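K.L.:
Quick one, what's the 3D model for this:
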Amino acid sequence: MKLSVILVSYDMVREIPRTLQSLARDYQHGARDLNYEVLLIDNGSPVPLDEATWAGIDVPVRLICVPDAPPSPAKAINIALAEAKGEIVCLMIDGAHLLTPGVFRMAISGYQAFDNAVVAIRYFYLGVEEQTVSVNKGYDKQAEDKLLERIHWPRDGYRLFEISTPLRSGAKKLTWFNGMFESNCLFMRKSLFLELGGADERFDHPGGGFLNLDTFKRAVEAAGVTPIQIIGEGSFHQLHGGLTTNSDSGKRAALLERYREQYARIHGHTELMAKVPFIYMGHMPTVASNITAVERRRARLAGKLVDQ
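P.N.:
Numbering: from 1, shown residues only. Purely as a prediction, here's the structure:
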């Protein structure tokens, strides 16, 4: 088998069927000829996932329920990693993400060019602002549902760029070539992930804390790998009950400080950004996927000055 997608879910009854649609054979370009599986890990949800909700979706999914699951997804990831049959694994630590249709094809192209690639897909939020901001201005699941209806998703998955904003990570100016410190759609060889020890279960905060950042950094900094960022494809966060997204600024700052302290205890430093060069591969499928142009247009509409 070529690819195993590890998809972690906690309390995502609304979001998971959409995520699976974005992984389906009739949505992902080239997926009909791709030998792949989706390992959907229900990490102790209060309301269990119901397989009937995705019965009509053409996706090779296997549901794995974790009994007595700890609050961090690290153990769930390692259970799925042991079960994975693919040479390549795609880690989606937050199962509430929608992908654009060329993600699989572009990621596999990375492995055709570089044998030991680590391929990262850029992170976006649905909505016109980062959800850490928009939820405090009234953005909710109903508003998000209307956005997806407006673009007739999943008819054309690239229209997700029209109703989203990229994760800025504090950057004042954002392009496709900005550095990344995490990805919710990260591809690596299964053998590499095993060599790294899988997900570090010392990251035991609910939601994992900086587990995703740690996994990304360890993967792209591993000896002998070629880190690749994909241009023109994205991973789009649906609003759900995530801890940091749904907290006000004060609570969020306190959570991030706890995560930073734990990272420092584990690694002895707080350097979260990987210091390695990336190869860039991809395309620009739509006008809306041109991040720089979209950022300038939004700034002009808001009456702000922007760099030319």
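K.L.:
what about Val135, which SS state?
P.N.:
Under the three-state scheme (DSSP: H, G, I helix; E, B strand; the rest coil), Val135 adopts helix.
K.L.:
Touching, it and Leu239? I think so.
P.N.:
Yes: look at Val135 against Leu239 with CB atoms under 8 Å: they come within range, at 7.1 Å. No exception for glycine: its C-beta is placed from N, CA and C like everyone else's.
K.L.:
who's more crowded, the two?
P.N.:
Neighbour totals were compared for Val135 and Leu239, and Leu239 leads with 23 against 19 (other CB atoms under 10 Å).
K.L.:
ok, now how distant is the more buried one from Ile230?
P.N.:
Between Leu239 and Ile230 the distance is 24 Å, computed by CB to CB, to the nearest Å.
K.L.:
now do Phe181
P.N.:
Taking CB to CB as the measure, Phe181 falls 16 Å from Ile230.
K.L.:
for Arg105, same thing?
P.N.:
On the measure of CB to CB, Arg105 and Ile230 end up 10 Å apart.
K.L.:
out of these two, which sits in the busier spot?
P.N.:
The neighbour comparison of Arg105 against Ile230 (other CB under 10 Å) goes to Ile230, with 27 against 14.
K.L.:
A helix includes the more buried one, no?
P.N.:
No: read with three-state DSSP, Ile230 is strand and lies in no helix.
K.L.:
Nearest spatial neighbour of Val220, chain-adjacent residues omitted?
P.N.:
Pro227 (4.0 Å; CB to CB, 6 or more residues apart in numbering).
K.L.:
The one you found: what's it in contact with?
P.N.:
Contact analysis of Pro227 by CB atoms under 8 Å, 6 or more residues apart in numbering lists 117-118, 120, 220, 274, 276-279.
K.L.:
let's see it at 10 Å
P.N.:
Listed by CB atoms under 10 Å, 6 or more residues apart in numbering, the contact partners of Pro227 are 110, 114, 117-120, 180, 188, 216, 219-221, 274, 276-279.
K.L.:
Buried residues in stretch 218-226, which are they?
P.N.:
Within stretch 218-226, the residues that count as buried by 16 or more other CB atoms under 10 Å are 218-220, 222, 225-226.
K.L.:
That one: end-to-end distance?
P.N.:
Distance across stretch 218-226, first residue to last, is 13 Å (CA to CA, to the nearest Å).
K.L.:
can you check stretch 15-24 too?
P.N.:
Chord length of stretch 15-24, first to last residue, is 15 Å (CA to CA).
K.L.:
what does stretch 29-49 give?
P.N.:
Note: stretch 29-49 ends 27 Å apart using CA to CA.
K.L.:
any idea of the mean pLDDT in it?
P.N.:
Mean pLDDT, stretch 29-49: 95.
K.L.:
which ones among the buried residues of stretch 218-226 are found in helices?
P.N.:
Using DSSP state H, the members of the buried residues of stretch 218-226 that fall within helices are 218-220.
K.L.:
Tell me which stretches of the stretch 201-308 of the chain form strands.
P.N.:
Remark: strands assigned in the stretch 201-308 of the chain by DSSP state E, counting those that start in this stretch are 226-237, 279-282.
K.L.:
and those strands as CSV, adding mean pLDDT and distance to Leu91?
P.N.:
Converted to CSV, the strands of the stretch 201-308 of the chain look like this (pLDDT from 0 to 100; distance: least, CB to CB, whole Å):
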stretch, mean pLDDT, distance to Leu91
strand 226-237, 97, 11
strand 279-282, 96, 19
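K.L.:
Nearest to Tyr139, out of the ones you listed?
P.N.:
Tyr139 lies closest to strand 226-237 among the strands of the stretch 201-308 of the chain, at 11.9 Å (CB to CB).
K.L.:
Sketch out the helices for the stretch 201-308 of the chain, chain order is fine.
P.N.:
211-220, 249-267, 291-301 (DSSP state H, counting those that start in this stretch).
K.L.:
actually the stretch 51-200 of the chain, not the one I typed
P.N.:
Assigned by DSSP H, counting those that start in this stretch, the stretch 51-200 of the chain shows helices spanning 74-83, 103-113, 131-134, 141-150, 190-195.
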